[in-house]
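Undergrad: build me a model:
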Amino acid sequence: MALVVVNNWNVLATGYCDLYGPWIYVFFVAFNVFAVTVAMNVMTAFYINAFQIATVHLTTMTIEERKLNTLRRLYRSHLSLPHVEEQDCTDSFTLTYVF
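TA: The predicted model follows:
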């Protein structure tokens, strides 16, 4: 965990270098470049993209659609929604889906 948050990774690498030899620095530098620099930036880019998509979706919704969505969320447990039943062809097991 100390490597991912870049919390004194060089001190940790020095300790492992004393135990396993100087080539352990290659692992720590490679992990730092890949996990911290690349993976964290890609993950951050996904979060920013999802936020932008949600913002665009909210700004394009009309006031009536926003009110309807809010009412659906508030009263979701009180709404009675239709059930769809499908019967499997191989035996008499009945599946019930709630939408």
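
Undergrad: starting at the chain centroid, how far to the helix or strand hosting Phe46?
TA: Per DSSP states H and E, Phe46 falls inside helix 40-60. In terms of Cα atoms, centre = their mean, to the nearest Å, the centre of helix 40-60 is set 12 Å apart from its chain centre.

Undergrad: which residues of this structure score low on pLDDT?
TA: 1-5, 79-99 (pLDDT under 70).

Undergrad: looking at this, Asn7 is in a helix?
TA: No. Applying DSSP: H, G, I helix; E, B strand; the rest coil, one finds Asn7 to be coil, outside a helix.

Undergrad: so what's the residue count around it?
TA: 10 (other Cβ atoms under 10 Å). Every C-beta, even on glycine, is put in place using the N, C-alpha and C of the backbone.

Undergrad: list phi and psi for it.
TA: Per-residue torsions, Asn7: phi -100, psi 90 (degrees, to the nearest 10).

Undergrad: pretty sure Val36 contacts Asn7?
TA: No. Contact status for Val36 versus Asn7: not in contact, 10.9 Å apart, counting by Cβ atoms under 8 Å.
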